[in-house]
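S.K.: got a sequence here, can you model it:
(3 chains)
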Amino acid sequence: MTPADSIERAVEAVLFAAEAPLTAQDIRLHVGTAADVEGALATLVARYAGRGVELVERGGRWHFQTAADLAHLLRRDREETRKLSRAGIETLAIIAYHEPVSRAEIEAIRGVQVAKGTLDVLLEAGWIRPAGRREVPGRPLIYATTAGFLSHFGLASRRDLPGLDDLRAAGLLDPVDLAFENAVEKSDEDD
Amino acid sequence: MTPADSIERAVEAVLFAAEAPLTAQDIRLHVGTAADVEGALATLVARYAGRGVELVERGGRWHFQTAADLAHLLRRDREETRKLSRAGIETLAIIAYHEPVSRAEIEAIRGVQVAKGTLDVLLEAGWIRPAGRREVPGRPLIYATTAGFLSHFGLASRRDLPGLDDLRAAGLLDPVDLAFENAVEKSDEDD
Amino acid sequence: MDADTLTLDLDGWEGPLDLLLALARNQKVDLKAISILALVEQYLAFLDQARSLKLEVAADYLVMAAWLAYLKSALLLPRNPEETPSPEDLALRLQLRLERLNAMREAGARLVARDRLGRDVFPRGAPEGLKAVRHARWEAEIYDIIAAYGRISARSRPVMHVVAHRDVMTLEEALARVSSLLETTVTWAMIEKFLPADATGGYRKSALASSFVAALELAKQGKIDLRQASPFAPLYLRAVS
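M.R.: Next up is the predicted model:
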């Protein structure tokens, strides 16, 4: 066995045994600081591609998971993950696409108050976290998504959020005030 | 992808996600009763042979496990710096000044019992070692300091330890309350 | 239950903006092209219908209805150029808000439809787990060792009680001294003459006190006479001849 093979085996074993996704740094703590962990990860991704199990990166953390197209075989004896309410889904989407974002900002988009329980559910699921305070009067708490959010929703990074680029290009992630000014300027030019 | 491949992938995913080892019959419940599960298992065993993860059968049940030769990678050593307790320091001091000494002798000098854990910590730190037995009734173990002790404390030899006269001159032999009074008087004079 | 009753169930809406968005989406797929005036009409008609059925309508829906009624009249009436913001600007803002809410609603739907870990894709069911074995690296300084040994030595050293010398003249001493000095004295002599010449400070006071008591004792035994002119005047001693 060549040394490269042996690092690959080591990384494979460590990731298989891990109970949670690991960063390359975490892996290095087990397989040795000098090891080319990144190279081994790339090789393993290729080796497992198309298999029943795949190696994926989510927010800088790596884990093995079953292939998505086999979901129907595995779901049968699984408890369905708790269904998020519509308010929960929308709030999560707003936090993910606008992060970091305050509760008032979430409410401005949704047009209704955010029930305390809604944020609690997302915090408890480990998908959002408090990310400091906005330096405006009242210093409101702001929220952002977590690495757990990325792994749960199968996103390598926030850049992979569905439609993120389109929404940004369309100005739909800008606050209403800014969008309004832009729209007025544009129509003035058109005149 | 051929159907055989697809059964193989399915078996792979089912075994990977299973929380306990599965019989071929268990697997069939997931992947379909008509599937050649045994064939897929044989192919998977061969595919994983020599990898960081292996597919093994134990008493008719199948599961993945990390390769036995890589078990050492699953644990990593973490070093923590901890301060020696007062009992530990006193015991070490007595051994250093009186070596070789038995536990009973240490207790006689300290005037307090020496917990077994205290000696264990000093042994673990590599500062003391068992140095034979005292040829008295009960043949108690006797302890002495190590080369590691000397190098940790920057001593060329045990003779470098300050003698009792030096300690007295430095005020280190004064009973605590007297030393306290001296310190107080001194500060009175300073006023 | 007919369809109307169901659609009038305001519990199904998350506030007026939600209801407006639902109405708007019925109009057009592209919210950019919706008619705000038509949307206002629909909203007001919807609420009228709810009220005619004597359904309770939450206050925020009524506030929105009032605002939309105002917007509608402003849009229909001849434009007053003085008025800011213009009704068109208000309509634009409403449309922008609807677009943003709609965008997030669609994003949320796409998010939850992804292959989710634990629902569509699964991690290893029985991972062996990784362990961190902790080792202690013990720390101590040479000073700690030396100081500890000093402490133990001090603690275990044999304890010796020494009564320090105190500067006093005992009564016995004073008796002997005064008696012997009187043997060589024939005239009256002040008590101070009986004190050691070099006695100073505390020792002198002690010698004086003891000699005074000795003098009283000797007087009581009839061996000496005492004489004092007045209180606090010098005290004179003389042997009984």
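
S.K.: for stretch A:11-23, which residues meet the burial criterion?
M.R.: By neighbour count on 16 or more other Cβ atoms under 10 Å in any protein chain shown, the buried set for stretch A:11-23 is A:11-18, A:21-22. For every residue, glycine as well, the C-beta is placed using N, CA and C.

S.K.: quick check: mean pLDDT across that stretch?
M.R.: Throughout stretch A:11-23, pLDDT has a mean value of 94.

S.K.: now the helices for chain C?
M.R.: Along chain C, the segments classed as helices by DSSP state H run C:3-7, C:16-27, C:36-52, C:59-76, C:87-112, C:142-156, C:171-183, C:201-220.

S.K.: one more: chain A?
M.R.: Here chain A has its helices, by DSSP H, at A:3-17, A:24-31, A:37-48, A:71-74, A:86-98, A:103-110, A:116-124, A:147-152, A:164-169, A:176-190.

S.K.: before we move on, the earlier item: for the buried residues of stretch A:11-23, work out which two are farthest apart.
M.R.: A:13 and A:21 (15.6 Å; Cβ to Cβ).

S.K.: ok, back up a step: to chain B, which of the helices of chain A lies closest?
M.R.: Each of those was scored for nearness to chain B using Cβ to the nearest Cβ, and the closest is helix A:3-17 (3.2 Å).

S.K.: packing partners of the closest one?
M.R.: Here helix A:3-17 touches helix A:24-31, helix A:37-48, strand A:61-66, strand B:53-58, strand B:61-66, going by 3 or more Cβ pairs under 8 Å, 6 or more residues apart in numbering or on different chains; DSSP states H and E.

S.K.: using CSV, write out every CA atom in the longest one.
M.R.: Below are the C-alpha coordinates for helix A:37-48, written out as CSV (Å, rounded to 0.1, in the frame of the first residue of the first chain):
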residue,chain,number,x,y,z
VAL,A,37,-6.1,15.4,4.2
GLU,A,38,-7.5,17.6,1.5
GLY,A,39,-6.0,15.4,-1.2
ALA,A,40,-7.4,12.3,0.5
LEU,A,41,-10.9,13.9,0.8
ALA,A,42,-10.9,14.8,-2.9
THR,A,43,-9.9,11.2,-3.8
LEU,A,44,-12.6,9.8,-1.5
VAL,A,45,-15.3,12.1,-3.0
ALA,A,46,-14.4,10.7,-6.4
ARG,A,47,-14.3,7.1,-5.2
TYR,A,48,-17.7,7.3,-3.6
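
S.K.: buried residues, it. List them.
M.R.: A:37, A:40-41, A:43-44, A:48.

S.K.: what does chain C put close to chain A?
M.R.: C:14-18, C:89, C:92-93, C:96-97, C:99-101, C:103-112, C:114-124, C:127-130 (Cβ under 8 Å from any Cβ of the partner chain).

S.K.: just the buried ones from the residues you listed?
M.R.: Taking 16+ other Cβ under 10 Å as the criterion, what is buried in the residues of chain C next to chain A is C:14-18, C:92-93, C:96-97, C:99-101, C:103-105, C:107-108, C:111-112, C:114, C:116-117, C:119-124, C:127-128, C:130.

S.K.: burial count for residue C:42?
M.R.: Using other Cβ atoms under 10 Å in any protein chain shown, residue C:42 has 19 neighbouring residues.

S.K.: got the contact list for it?
M.R.: Residue C:42 makes contact with C:23, C:26-27, according to Cβ atoms under 8 Å, 6 or more residues apart in numbering or on different chains.

S.K.: read off the pLDDT value for it.
M.R.: At residue C:42, pLDDT is 91.

S.K.: do the same with the one 3 residues further on
M.R.: pLDDT for residue C:45: 90.

S.K.: just give me the neighbour total for residue A:152.
M.R.: 22.

S.K.: ok, it - contacts?
M.R.: Residue A:152 sits in contact with A:125, A:127, C:116-118, where contact means Cβ under 8 Å, 6+ apart.

S.K.: could you redo the contacts of residue C:42 as CSV and give each row neighbour count?
M.R.: Below are the contacts of residue C:42 laid out as CSV (neighbours: other Cβ atoms under 10 Å in any protein chain shown):
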residue, neighbour count
C:23, 19
C:26, 10
C:27, 15
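
S.K.: if we can go back for a sec, near chain B, from the buried ones among the residues of chain C next to chain A?
M.R.: Near chain B, by the rule Cβ under 8 Å from any Cβ, you find C:122-124, C:128, C:130 out of these.

S.K.: make CSV out of these and add pLDDT and distance to residue C:37.
M.R.: Output for those, formatted as CSV (pLDDT from 0 to 100; distance: Cβ to Cβ, whole Å):
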residue, pLDDT, distance to residue C:37
C:122, 88, 52
C:123, 89, 53
C:124, 90, 58
C:128, 85, 66
C:130, 84, 64
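
S.K.: which of those lies closest to residue B:135?
M.R.: residue C:130 (49.6 Å).

S.K.: for the closest one, give me its contacts.
M.R.: Counting by Cβ under 8 Å, 6+ apart, residue C:130 touches A:14, A:17-19, A:30, B:74-76.

S.K.: any idea what the one residue sitting closest to the centre of chain C is bridged to?
M.R.: Nearest residue to the geometric centre of chain C (Cα atoms, centre = their mean): residue C:139, 31.1 Å. Here residue C:139 shows beta-bridge partners residue B:83, assigned using DSSP bridges.

S.K.: against residue B:121, how distant is it?
M.R.: Here the distance between residue C:139 and residue B:121 works out to 12 Å (Cβ to Cβ, to the nearest Å).

S.K.: who touches both of the two?
M.R.: Jointly contacting residue C:139 and residue B:121 under the rule Cβ under 8 Å, 6+ apart are residue B:84.

S.K.: report the distance from the lowest-mean-pLDDT helix or strand in chain A to the chain centre.
M.R.: Sorting the helices and strands of chain A by mean pLDDT, DSSP states H and E puts helix A:176-190 at the bottom, at a mean of 79. Relative to the centre of its chain, helix A:176-190 is centred 32 Å away, using Cα atoms, centre = their mean, to the nearest Å.

S.K.: low-scoring pLDDT stretches of chain C, where are they?
M.R.: Chain C contains residues with pLDDT under 70 at C:1-11, C:54, C:157-165.

S.K.: that's all I had, so thanks and see you.
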